[in-house]
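[1] Sequence plus predicted model, see below.
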Amino acid sequence: MASQTPDLVRSPDVLRDNDYYYPAGDTIIQVENTLFKIHKFLLAHHSPVFATMFALPVESDPEGAVDDLPIVLEGETAANFRAVVKYIYAPPIQLQIQFMRMTDVPEMISVAKFSHKYAMDHWKQWALRVLASRKLTDMKTMPTEHLAPLYSLFDLLEVHPERTQVMNRWCEVIEQNNFPIGPALAASETSGDRDALVAVYCIQIRRWEKDASISGLPDGVSSTHFQRMLTGYTSLTLAWNQLRTREPSANFQDTQCNGGETAEAHAERCLPYSRQHWGDAIMSAEDVYPHITHLPSRLSHVAEHIRVHNRALHAKIKPTTATCFDAVIKRFAYHLQRTDTSLTNHFFRMCEALGPAAD
């Protein structure tokens, strides 16, 4: 907000902006070390915050009248303010969304952040529409350097679907290029975004699996984050190993035949059939989804694999055997419906509050 006690003598480090110091302007605003001279009506018209500020009683030497006594916007950046002023003064044709380019994204982020802070709803919505037109159509064209600022912006504005989309792309870039995970961890932690934290943790776990070892603390990773990664890795592995058995567990496979066969026939035909197709499904899931962080996809793959293969073999096996294995399929599907297959709980204990990840 505006400072009420600006320095009476301008510092030699404070310079006039090259583009937005208009001689005909009626108010001088200092942002960081830059002076802008603009028409205050343009800000007051779009922002109730500025309208109130400019409506305050003035003294004999009002702020904003001369360079040595500007209105000072504290806690703001010259880049953000410059972007807002640029588009406020721009002719209408330059504001048409179809003419905006990918290179305009940093300015749109600046406009959206500044407008949100000063309740300039028209400009905030306009900037978000521009970002949507450039970002959501194809995230793969978004320059990497824009991802962190975009994530921060959507977190600030509580636009969670777009925040998630940006983080997903950011994680792809990190993994594809073997970038450090520290910046994404810091952004996720600041926002309190557990899903994003887990996505970044999973990148590091996959790196461990590829290296066949768990290394020490990566750069930019606190001991708290490291412990969560170990906890998640262990929990995911245990969860999968409970299913990675010679045959379906007793939760899914009865000791008696569900197709009406005798105990002897069940042992001779149903159980071997069940073991074969259960084992095939487990191996197929591991082949298609090689990393333990793909546990939800592995579980879905197992369910689909045993369902499809049992149906395909119905005509080649005794109906009672197929019916018996159908019970396994249904119970496993029911188990998946009742089980939380998200990754988050593997990394965070149910009682754990998400706080600063201290070293």
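    Ah, there it is.

[2] For P62, which residues are in contact?
    L69 (C-beta atoms under 8 Å, 6 or more residues apart in numbering). Heads up, the C-betas are built off the backbone N, CA and C, glycines and all.

[3] same thing with W208?
    214-215, 233.

[4] you'd agree it is in a strand?
    No - under DSSP: H, G, I helix; E, B strand; the rest coil, W208 sits outside any strand and is assigned helix.

[5] gap between it and D193?
    W208 is 23 Å from D193, where distance means C-beta to C-beta, to the nearest Å.

[6] ditto for H346
    Distance of H346 to D193, given as C-beta to C-beta: 17 Å.

[7] Also M100?
    The value you get for M100 to D193, if C-beta to C-beta is used, is 28 Å.

[8] what's the answer for Q125, then?
    Where D193 is concerned, Q125 sits at a distance of 24 Å (C-beta to C-beta).

[9] cool, and L238?
    26 Å.

[10] What of L153?
    14 Å.

[11] What of A90?
    From A90 to D193 the distance is 34 Å (C-beta to C-beta).

[12] What of E304?
    E304 sits 31 Å away from D193, going by C-beta to C-beta.

[13] Among the two, which residue is more densely surrounded?
    D193 (20 against 15; other C-beta atoms under 10 Å).

[14] Check whether that one really touches S152, as I assumed.
    No - if you go by C-beta atoms under 8 Å, D193 and S152 don't touch, sitting 11.1 Å apart.

[15] Strands of the protein, residue ranges please.
    2-3, 15-21, 27-31, 34-38, 71-73 (DSSP state E).

[16] Dump those strands to CSV, plus mean pLDDT and mean neighbour count.
    Converted to CSV, these look like this (pLDDT from 0 to 100; neighbours: other C-beta atoms under 10 Å):
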stretch, mean pLDDT, mean neighbour count
strand 2-3, 50, 16
strand 15-21, 95, 14
strand 27-31, 96, 23
strand 34-38, 97, 21
strand 71-73, 93, 22
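
[17] got those as JSON lines, with distance to A132 columns?
    Formatted as JSON lines, the strands of the chain follow (distance: least, C-beta to C-beta, whole Å):
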{"stretch": "strand 2-3", "distance to A132": "32"}
{"stretch": "strand 15-21", "distance to A132": "27"}
{"stretch": "strand 27-31", "distance to A132": "27"}
{"stretch": "strand 34-38", "distance to A132": "28"}
{"stretch": "strand 71-73", "distance to A132": "28"}
